[in-house]
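Asker: here is a sequence with its predicted model. Questions after.
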Amino acid sequence: MTKNSIKLLLNWLNTYETIILHRHVRPDPDALGSQLGLKMLLKKMYPSKKILAAGETVDNLAFIGEMDHVSDSDYNGALVIVLDTANAPRIDDQRFRSGEKLVKIDHHPPVDDYGDINLVDIKASSTSEIIAELVMNFGYGKDYLNKAIARCLYIGIVGDTGRFLFNNTTVRTMQIAGLLREYDFDHTAMINQMQQRSLKSIHFQGYVLQNFNYEDHVGSIFITPELLEQFDISANEASLFVNSMSDVEGIEAWVFAVDEGDQIRVRIRSKRVTINELAARYNGGGHPLASGATVYSPEELDQLIEELKSIVK
């Protein structure tokens, strides 16, 4: 993320009258926090411009903010910005290439430089942290922040740092979080909303804790469509419990796999060993200690788990 690329981005923001913001499918708090935080920031910077947030609404994170209806015609001559998405196939709403210019803003390892500008900072805890940094780089300081913007960006940082417990929490992360907390949003209510789960989801978590496999310091569980139906939860809701087994004594890494019918979505987490190269071999990628992959059979999933055990050893 160079000064020249930041300068070019600001020039494009000044130039284009329509700016459309995308993020990845199955969004987490950082994807939504950075997308909606940037939307509100741009609306404050450019009140007369059309700023739109594209993508499907996610029920359990709807408290962060709402998506916009974006028509095909909105992309004509538009600037498109994709947030928090390492590779193009994971972008929610594949019309992202329909604009005139495309910008990628992300903190994942750069496996796919799909933008005309690629603003990537893998040292940042989150894309929300990068957006806060951009405000400073634009030269506006805190002048263009407000309570609503600060709340969204703070949600994103809290989500991707595991409430500041993960090792991606740096001194700069805490400094930016402190700056955002100067705005008077309800921190406690926000955290409670992020943690809130339905009763059926809690029952599902109980199943996960009682039935995950543990061998060679690696935990794993495979959630079938029958289990999703039994507990009446969606695949996206189920994935919220990826870290349920993380506190087991001696565990080094774990796999949370959900059969979504046409594919098995695999979330891989680690406390120490690097796992994103393993994820890349299975149609995925991500951070060194938190990655995602896709397999297409239980046998392929078993193979991935065995490779993970070898890495841990």
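Answerer: Yep, that arrived.
Asker: rest of the way, CA atoms for contacts and neighbours
Answerer: Fine.
Asker: quick one, strands of the stretch 1-150 of the chain?
Answerer: Remark: strands assigned in the stretch 1-150 of the chain by DSSP state E, counting those that start in this stretch are 18-23, 50-53, 79-83, 101-106, 117-120.
Asker: element containing Leu179, please.
Answerer: Per DSSP states H and E: Leu179 is located in helix 171-180.
Asker: tell me which strands and helices the helix or strand following that helix is in contact with?
Answerer: Going down the chain from helix 171-180, the next helix or strand is helix 187-195, by DSSP H and E. Contact partners of helix 187-195 among helices and strands, from 3 or more Cα pairs under 8 Å, 6 or more residues apart in numbering; DSSP states H and E: none.
Asker: let the chain start at 27 from now.
Answerer: Done: numbering now begins at 27, and the last item shifts to helix 213-221.
Asker: where does the stretch 77-226 of the chain dip in pLDDT?
Answerer: Applying pLDDT under 70 to the stretch 77-226 of the chain picks out residues 165-168.
Asker: a strand runs through Ile294, doesn't it?
Answerer: Yes - Ile294: assigned to a strand according to DSSP: H, G, I helix; E, B strand; the rest coil.
Asker: what about the nearest residue to it once chain neighbours are set aside, how many residues close to it?
Answerer: Of all residues not flanking Ile294 in the chain, Val281 sits nearest, at 4.7 Å (Cα to Cα, 6 or more residues apart in numbering). Using other Cα atoms under 10 Å, Val281 has 26 neighbouring residues.
Asker: check Ser323 too.
Answerer: 13.
Asker: measure it to Asn302 for me?
Answerer: Using Cα to Cα, to the nearest Å, Ser323 is found at 20 Å from Asn302.
Asker: got it, and Pro135?
Answerer: As defined by Cα to Cα, Pro135 lies at a distance of 9 Å from Asn302.
Asker: of those two, who's got more company?
Answerer: Between Pro135 and Asn302, Asn302 has the larger neighbour count (other Cα under 10 Å), namely 23 against 17.
Asker: check contacts around Arg52.
Answerer: Val84, Asn262 (Cα atoms under 8 Å, 6 or more residues apart in numbering).
Asker: one step back: for the helix or strand where the residue nearest to Ile294 lies, packing partners?
Answerer: Here Val281, judged by DSSP H and E, is contained in strand 279-285. Applying 3+ Cα pairs under 8 Å, 6+ apart, one finds that strand 279-285 contacts strand 244-249, helix 261-265, strand 290-296, helix 324-338.
Asker: what angle separates it from helix 324-338?
Answerer: 170 degrees (axes from the mean of the first three to the mean of the last three Cα atoms, to 10 degrees).
Asker: Asn144: which of the helices and strands packed on strand 279-285 is closest?
Answerer: Of all the helices and strands packed on strand 279-285, strand 290-296 sits nearest to Asn144, with 25.4 Å by Cα to Cα.
Asker: quick one: strands adjacent to the closest one?
Answerer: Counting by DSSP bridges, the strands paired with strand 290-296 are strand 279-285 (antiparallel), strand 316-321 (antiparallel).
Asker: with just CA atoms, put it into PDB.
Answerer: Extracted in PDB, the C-alpha atoms of strand 290-296 (Å, rounded to 0.1, in the frame of the first residue of the first chain):
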ATOM      1  CA  ILE A 290     -17.800 -28.700   1.700                       C
ATOM      2  CA  ARG A 291     -16.700 -25.400   3.200                       C
ATOM      3  CA  VAL A 292     -13.700 -26.000   5.400                       C
ATOM      4  CA  ARG A 293     -12.600 -23.400   8.000                       C
ATOM      5  CA  ILE A 294      -9.000 -24.100   9.300                       C
ATOM      6  CA  ARG A 295      -7.600 -22.400  12.400                       C
ATOM      7  CA  SER A 296      -4.200 -22.700  14.100                       C
END
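Asker: many thanks, I have nothing further to ask.
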